[in-house]
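# I need the structure of the sequence given here:
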Amino acid sequence: MDIFSFFTLFGGLAFFMFGMNQMSSSLEKVAGGKMEYILNRMTSNRFKGLVLGAIITIAIQSSSAVTVMLVGLVNSGIMDISNTVGVIMGSNIGTTVTAWIMSLIGVSSDNVFVRMLKPESFSPVLAFIGIVMIMVCKTSKRRDIGTIFVGFAILMYGMTMMSSSVSPLAESPVFMDILTAFKNPMLGILTGLVVTAVIQSSAASVGMLQALSLTGGITYGMALPIIMGQNIGTCATAVISSIGVSRNAKRVAVIHISFNVIGTAIFMIIFYGLHSIFNFAFADRIINPVGIALCHSIFNIATTLLLLPFTHVLVKIAVKLVKTKEEEPIAFLDERLLKTPTIAVSEATKHINDMADMAKESMKLAMEVLKNYDEEKVEKVKELEKDVDIYEDHLGSYLVQVSASELSDRDIKAIGKMLHTIGNFERISDHARNLVGVGKEIHDKKVGFSDAGKSELRTITAALSEILEMTIESFHKDDLELAITVEPLEQVIDGLVERIKRHHIARLQSGECTIQNGFVLSDILNNYERVSDHCSNIAIAVIEKEKTTFDPHDYLNQIRSIDDTNFQEKYKEYKSKYLLEK
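Model (predicted):
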C-alpha cells in the first residue's frame, strides 16, 4: 500500500465521518422535538422502548447520539433509568441499517437497474438535488432535507474512496500475513473495540471493515469477532459522556456496556463451542459487505432477543457496579443534551413552562396573603421566588449555549420566545415577594382600608388574576388569539390603577383614609401595575413567535389606535367587567 493509497484511505474516512455528521444533525433538526417526546413519554414499556430506540436511531443515524441523549435525560431527572434499557437495545438494532446502506458499495452487475444502486451512480444525483434545495428553498426544513441528501452523498463518496484505496492490498503478501493474525478471536474483538472507541463511530468502523472485505482477504470467522468488538467500542461515547454526572446517569453507560459485553461473551461461547463440534464451513469463506451487514444485524438482534427478558437484571448490574453512597444533586439541565440541540430546546421549554407556573402560583399566593395573612403562604412565596431566580440563571446561560448550535427555524423562534420572557417571569415572582412584604405590614400594623378601598382592591385583584391566567395559558399553548387579548386587559388595569389612586386622594381629603393607608395602597397598586406590564411583555413574545414579521412597538401603537376594532371591543368588554363603584 503506497503513501497515496494510505492518504486516500484516511481521506475517505474523513469524508465518511463528515457526511455522517451532516446527515445526522440535519435528520435530528427535521425530526424536531418529537424525539424528546417519544423518548420521555413512551418508554415505560420495554417493548415500546425497543421499537422507539430503533426508530430514533434509524432517524438520526447514530446510536451513540441516542445513548448520550439518554445519559443527559437521566442526569436531568427527566427520565427513569429502567426506561433506558429498551431504548439502548433498540438503538443497537437501529444502527445496523447503516451497514446495510453501506453494503451497496459491493453491488456489481451489468443490469442498468442494479448498477443504479451503486453509490457512484446515485450519489451525484442526490448531491445535486441537495445543493439545489439548500440554495433555492426558503424554509429551513427543506434546506435541512437538502443537507441530508448532500451528507449522504459525501458519506457514500467517502466509502467509495476507502474501498478504492484498499483494493491494492488484495495483492499484498504483507497484508495477507497481517490478516492471518485476525484468526485469533480475542485479537479481532480487541481490534474492533479499539478502532471504534478511537473514532467514536461504530458506523465508520463497520464501513472500514466493509471496505477491507472487498480485498477478498477477510473471512466470516475473522469478521465476526471484529463486529462484536465494534459493538463494545461504540460504548466509549457513552462512557465519556457519563463523566461528571449523577450516579443514575453513569448507570446508563454501564447498562450499554453490560448489554454488549454480555452479548459478545454469550455469542462467542455459543458460536465457537458449536464450531468446535460441527466445524462450520462458512467460517472460512470470504465475506463481502452484504455479509458484514448481515452478521452485524444477526448479532444485535439475537443479543436483544436473548437479553430483553432480563432488562431488570441489567439495571441491577448497573446499580451494583455504581453504588449509591449519598444522594447527589440532580443537574438542572444537562449540557450533554446540547449535542442534540432540538432535545435541549424541548427540555428548556418544559423548564420555562414550570417557571411560568411557579411565577403564577407565587403571585396568586401573594394576593391571598394581602386578603388574609398566612405565614406558611409567605414562606412558600419566598421559596418560589428563590426557585424562579435559579431557573432564570440556569435557563439564561443554557439558552445562550443552545443558540450557538445549528437550529431549525422553529427552535430559533422558541429560544427567542424564552429569552424574551424569562426575565418577566422572574420579575413577577419578585413582585409577589414585594406584595407579601406589604401583606406583613398590613398584618403587623393592623392597617384597615375603607369599604370603598376594599371593593376597589377586589376589582383590580380579580383583573390581575385573569390577566395572569390568560398570559400563562397563552404562553404554554402558544395561543396567538389568547395572547392578543392580554393587551386590552393590561390597558384596563393601568386605568384602574390611576382611578383607584385618584379615589384614594379624594377619600384622604374627606378624612375616610389615612396617609399610612395611602403608602400601603400605593405599594400594592405599583406592584400590580408592573405585573400586568410583564404579562403584556410575555404575550407580545408569544405573538412574535407565531408571526413571521413582527415589531413590538408597531404592534402596540397599532392595536391601541382607535382604528383597531378588535382591541377596542375587548377593551370595552374588560372595562365594563371591572368597573369601579362610584
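# tell me the buried residues in stretch 427-441?
427-439 (16 or more other CB atoms under 10 Å). The C-beta positions use only the backbone N, C-alpha and C, and glycine is treated the same way.
# dump these to a markdown table, plus secondary structure.
As requested, the buried residues of stretch 427-441 are exported to a markdown table (DSSP: H, G, I helix; E, B strand; the rest coil):
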| residue | secondary structure |
| --- | --- |
| Arg427 | helix |
| Ile428 | helix |
| Ser429 | helix |
| Asp430 | helix |
| His431 | helix |
| Ala432 | helix |
| Arg433 | helix |
| Asn434 | helix |
| Leu435 | helix |
| Val436 | helix |
| Gly437 | helix |
| Val438 | helix |
| Gly439 | helix |
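# closest one of these to Ile226?
Ser429 (57.8 Å; CB to CB).
# show me the contacts for the closest residue to that closest one other than its chain neighbours.
Once flanking residues are discounted, Ser429 sits nearest to Val388: 4.1 Å by CB to CB, 6 or more residues apart in numbering. Counting by CB atoms under 8 Å, 6 or more residues apart in numbering, Val388 makes contact with 355, 358-359, 362, 425-426, 429.
# who wins on neighbours among those residues?
Ranked by neighbour count (other CB atoms under 10 Å), the contacts of Val388 have Ala359 at the top, with 32 neighbours.
# that residue contacts Arg433, correct?
No: checked against CB atoms under 8 Å, the pair Ala359 and Arg433 is beyond contact range at 11.0 Å.
# secondary structure element for the spatially most central residue of the chain?
Centroid-nearest residue in the chain: Ile343, 0.8 Å away (criterion: CA atoms, centre = their mean). Element membership for Ile343, per DSSP states H and E: helix 341-371.
# would you mark the buried spots in whatever helix or strand comes next after that helix?
Next along the chain after helix 341-371, taking DSSP H and E as the criterion, comes helix 375-403. For helix 375-403, the neighbour count (16+ other CB under 10 Å) marks 377-378, 380-382, 384-385, 387-388, 391-392, 394-395, 398-399, 402 as buried.
# equivalent analysis for stretch 463-470, please.
Quick answer for stretch 463-470 (16+ other CB under 10 Å): 463-464, 466-468, 470.
# mind putting those residues into CSV with pLDDT and secondary structure?
What follows is the buried residues of stretch 463-470, written out as CSV (pLDDT from 0 to 100; DSSP: H, G, I helix; E, B strand; the rest coil):
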residue, pLDDT, secondary structure
Ala463, 94, helix
Leu464, 95, helix
Glu466, 95, helix
Ile467, 95, helix
Leu468, 96, helix
Met470, 95, helix
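# pLDDT weak spots in the stretch 51-200 of the chain?
59-62, 76-78, 105-120, 159, 163, 166-182 (pLDDT under 70).
# which stretches of it form helices?
For the stretch 51-200 of the chain, the helices defined by DSSP state H, counting those that start in this stretch cover 63-75, 84-94, 96-102, 112-115, 119-136, 140-166, 173-181, 185-199.
# can you give the domain ranges for the protein?
Using automatic domain parsing, the domains assigned to the chain come out as 3-321, 336-577.
# ranking the ones you listed by mean pLDDT, which is last?
Per-stretch mean pLDDT for the domains of the chain is lowest at domain 3-321 (a mean of 79).
# how far away from the center of its chain is it?
Put simply, domain 3-321 sits 22 Å off its chain's centre (CA atoms, centre = their mean, to the nearest Å).
# residue numbering should commence at 53 henceforth.
Yep, numbering from 53; the last one is domain 55-373 now.
# roughly how far does Ile545 sit from Met419?
13 Å (CB to CB, to the nearest Å).
# who's in contact with stretch 446-465?
77, 81-82, 84, 191-193, 196, 384-385, 387, 390, 393-394, 396-397, 400, 403-404, 407, 467, 470-471, 474, 597.
# can you give me the end-to-end span of it?
Separation of the first and last residues of stretch 446-465 by CA to CA, to the nearest Å is 19 Å.
# try stretch 326-345
Note: stretch 326-345 ends 22 Å apart using CA to CA.
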